[in-house]
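[1] let me see the structure of the following:
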Amino acid sequence: MYNPEIMETPANIGERTTTFAAPSMGREVRDLQVILGVARAMAGTMDLNALLSLILDSVRTILHADRATLFLYDAATNELYSKIAHGTGEIRFPADAGIAGAAAQGRQLINIPDAYADARFNRQVDVKTGYLTRCLLTVPLVGTEAQLVGVVQVLNKENGVFNAYDERLAEALAAQVAVAIQRARLMEHFVEKKQLEHSLAIAREIQQGLLPKTPPQVPGYQIAGWSQPTDQTGGDCYDFIPLSADRLALVVADATGHGIGAALMISETRALLRAISGQVEDVAAILTQANHWLCADSLEGRFVTAFFGILLPQLHRLEYGSAGHGPLIWYRASSREVRFTAATGLPLGMLEPTEFDAAPAIEFAPGDLGVLLTDGFIEAENPAGEPFGKERVARLIQENAGRSAAEIVQILDACVQEFLGGGPQMDDLTAVIIKRVST
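    Alright, predicted model coming up:
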């Protein structure tokens, strides 16, 4: 069987003189075997870099070329870039520029017998590398669902120019290459996703391990804490810090955002409050010092709302300050009144210097409650977009004030989950309940 061979020389650029070459049956069989061997090798290679190297070496061998470059398509920037190339470093350019861009946009093979006679050829690469490009064959890589994967460019055919038979080989190989790259990319993304999930699982385990294992045992009081992040890692925390035999610090904090960034910031906040409260007794001074260090470390736009209180059980008094954290909820058993109080200063890490004020101390009578929540409770929305709101929280506290602190936490969570109606939890949920149970 005879095949058309297109012969182009510098003297007749733009014209096509069709001759007929007759590659022997043995050569066609050998070439087919090489392509099938490359396809099998690509099917067994999941590493993208190794696959790209294999592709370039195979293209050069099959087409008897001096060099080859594989440009991958970056859909996010609409650029082509060379991850691996023979003889050059990485090149990145718009996906509609030059000969490679023309092949990508038109989804058509381009055969240039004289590179310097084509206005689209970028001579600067030759200038930088000292290489002389005589001829080039550019083939688009189009994968499944007609997705552009990239472009292969092959330079300088040995002893001549690329012909029609070379074009057929290149197109046959390109069809295999495009699918192989798509598969390798999917596998690469899958592996990266699994590695990230593993890392996040470890981070979650560490973060959950920092939460108190058991509630503090304070005579005359029940104290319960609970936290449920919306992601694998959370931006909320609570903490109980024994300061002395008759003083217990309580912390509830909420960092802006979600994910690893918020988790790191909330972990630093917890560590700072623990360290400072071991040296400083005044609530306002503790928050002021924590704010100083967080401002020095935090990125713009990141901050932490934090409640910091010191319970004096022998005096039945809670001294506290709130750095942007609110509303804070207090229940008076004698009147069944629910009262909300606001923050006493800006969030931590927002502005330096900032002075914090302590709030008026809370006096606990038997049956009284302190309910310290992050905003995930109040701002939770049902499928209709209605927020859970302060009124529902107040009603739940009034209706369940006779229950234990741990039971109240469970009821709050269950009611919010029911309110979500099966929808996603959009924010972390953290709660601390303080209840005086005896005289």
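[2] restricting to C-alpha, output the helix or strand hosting Thr305 in PDB.
    Secondary-structure assignment from DSSP states H and E places Thr305 in strand 304-312. Extracted in PDB, the C-alpha atoms of strand 304-312 (Å, rounded to 0.1, in the frame of the first residue of the first chain):
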ATOM      1  CA  VAL A 304      -9.700  35.000  67.300                       C
ATOM      2  CA  THR A 305     -12.800  35.700  69.400                       C
ATOM      3  CA  ALA A 306     -12.100  34.400  72.900                       C
ATOM      4  CA  PHE A 307     -13.900  34.200  76.300                       C
ATOM      5  CA  PHE A 308     -11.500  33.900  79.200                       C
ATOM      6  CA  GLY A 309     -12.900  33.500  82.700                       C
ATOM      7  CA  ILE A 310     -11.700  32.500  86.100                       C
ATOM      8  CA  LEU A 311     -14.100  30.600  88.400                       C
ATOM      9  CA  LEU A 312     -13.700  31.200  92.100                       C
END
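[3] contacts for the following helix or strand past it, please.
    Sequence-wise, the next helix or strand downstream of strand 304-312 (DSSP H and E) is strand 317-323. Strand 317-323 has contacts (C-beta atoms under 8 Å, 6 or more residues apart in numbering) with 250, 283-284, 286-287, 290-291, 304-312, 328, 341-348, 356-359, 361-364, 370, 434. The way it works is simple: take the backbone N, C-alpha and C, and place the C-beta from them, glycine included.
[4] check the offset of stretch 218-228 from the chain's centre.
    Averaged C-alpha coordinates place stretch 218-228 at 35 Å from its chain's average position (C-alpha atoms, centre = their mean, to the nearest Å).
[5] buried residues in it, which are they?
    Val218, Tyr221, Gln222, Ile223, Ala224, Gly225, Trp226, Ser227 (16 or more other C-beta atoms under 10 Å).
[6] hang on, the last one packs against Gly234?
    If I follow you right, that is Ser227. Yes: the criterion here is C-beta atoms under 8 Å, and Ser227 meets it with Gly234 at 6.6 Å.
[7] do you know how far Leu211 is from Thr61?
    60 Å (C-beta to C-beta, to the nearest Å).
[8] need the strands for the stretch 301-439 of the chain, in chain order.
    304-312, 317-323, 328-332, 337-341, 362-363, 369-373, 429-436 (DSSP state E, counting those that start in this stretch).
[9] of the ones you listed, which is nearest Asn49?
    Between Asn49 and these, the shortest separation by C-beta to C-beta is 41.2 Å, and it involves strand 304-312.
[10] show me what the closest one is packed up against.
    strand 247-255, helix 259-277, helix 283-297, strand 317-323 (3 or more C-beta pairs under 8 Å, 6 or more residues apart in numbering; DSSP states H and E).
[11] quick one: that strand to strand 369-373, angle?
    160 degrees (axes from the mean of the first three to the mean of the last three C-alpha atoms, to 10 degrees).
[12] quick one: average confidence on strand 304-312?
    Averaging pLDDT along strand 304-312 gives 96.
[13] do the same with stretch 364-371
    97.
[14] what is the end-to-end distance of that stretch?
    Criterion C-alpha to C-alpha, to the nearest Å; first-to-last residue distance in stretch 364-371 is 13 Å.
[15] centre of the chain to it, how far?
    The answer for stretch 364-371 is 42 Å, by C-alpha atoms, centre = their mean.
[16] mind listing what's buried along it?
    Buried residues in stretch 364-371 (16+ other C-beta under 10 Å): Phe364, Gly367, Asp368, Leu369, Gly370, Val371.
[17] domain ranges for this protein?
    3-189, 207-436 (automatic domain parsing).
[18] hmm, back to that, tabulate the helices and strands packed on strand 304-312 (JSON lines), appending mean neighbour count and distance to Phe162.
    Formatted as JSON lines, those follow (neighbours: other C-beta atoms under 10 Å; distance: least, C-beta to C-beta, whole Å):
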{"stretch": "strand 247-255", "mean neighbour count": "23", "distance to Phe162": "60"}
{"stretch": "helix 259-277", "mean neighbour count": "20", "distance to Phe162": "50"}
{"stretch": "helix 283-297", "mean neighbour count": "20", "distance to Phe162": "59"}
{"stretch": "strand 317-323", "mean neighbour count": "23", "distance to Phe162": "70"}
